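Engineer: The sequence and its predicted three-dimensional model are supplied below.
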Amino acid sequence: MRNGGPTAYRADLAHRATERRTRRSGKAAPRGPQDAPQPYGRDAEAVREFEERLTTILMVSGLPKMMARVMACLYVTDSGSLTASELAQRLKVSPASVSKAITFLDNLDLVRRERDERRRERYVVDDDLWYQAMISSARSNDEFVSAAREGVTVLGPGTPAATRLENAARFLDYVTESLIRAAEKSRAILSSKPAPAPTDPE
């Protein structure tokens, strides 16, 4: 029926039409990165499913979808480093989408930019980035604390609104100091590197 039906079917035309459809289908569904052979004997499907789960967790924590996808993609690579074109290819998105996501993540100190030997810009996740992100997040409270204490003066110490602002400032001061202290202690304890993973025999 796709090739003319019982009254207009011609075998040679049907054959050529089928070949054209096959070529179009092959182009529409290229072999994806999740189908590529994985190092260390990993299950490609399991890796893809884990990357999707990690993306979802990052989205629930507050990252927009594309930013979460980029970050998850970087974390599941052994190098922890990809170029914009590599990210675009792996995620099947435009370079502009990758650029926007990287700018967002860079502003949060969740990725680092560096140049490789070919002068290409690479985007990196490493062991120090979570420390930097925690410090940046904690320090971002300082501006609110300063404004809140200014508000206490404006609204009048002891008034309900001023008391509310002072309590918020005291709380954030304490939490910020505790976060920074915990981050620095954890960084010192965990600074010793684990043993490197075995090299891929293939």
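Structural biologist: Alright, I've got the coordinates.
Engineer: Locate Asn167 within the secondary structure: which element?
Structural biologist: helix 160-189 (DSSP states H and E).
Engineer: pLDDT weak spots in this protein?
Structural biologist: 1-36, 192-202 (pLDDT under 70).
Engineer: what separates the residue nearest to the spatial centre of the chain from Arg42, distance-wise?
Structural biologist: Centroid check for the chain by C-alpha atoms, centre = their mean gives Met71 as the closest residue, at 1.6 Å. Here the criterion is C-beta to C-beta, to the nearest Å. By it, Met71 lies 20 Å from Arg42. Using the backbone N, CA and C atoms, a C-beta is placed for each residue, glycine as well.
Engineer: and if you look at Ile135?
Structural biologist: Ile135 is 34 Å from Arg42, by C-beta to C-beta.
Engineer: Of the two, give the one with the bigger neighbour count.
Structural biologist: Higher neighbour count among Ile135 and Arg42: Ile135, with 17 against 13, using other C-beta atoms under 10 Å.
Engineer: can I see the domain layout of this structure?
Structural biologist: 33-125, 131-189 (automatic domain parsing).
Engineer: most neighbours per residue, which of the ones you listed?
Structural biologist: domain 33-125 (a mean of 15; mean count of other C-beta atoms under 10 Å).
Engineer: quick one: contacts for the residue lying closest to Met59 once chain neighbours are set aside?
Structural biologist: Distances taken as C-beta to C-beta, 6 or more residues apart in numbering put Ala68 closest to Met59, at 4.6 Å, once the chain neighbours are dropped. Counting by C-beta atoms under 8 Å, 6 or more residues apart in numbering, Ala68 touches 55-56, 58-59.
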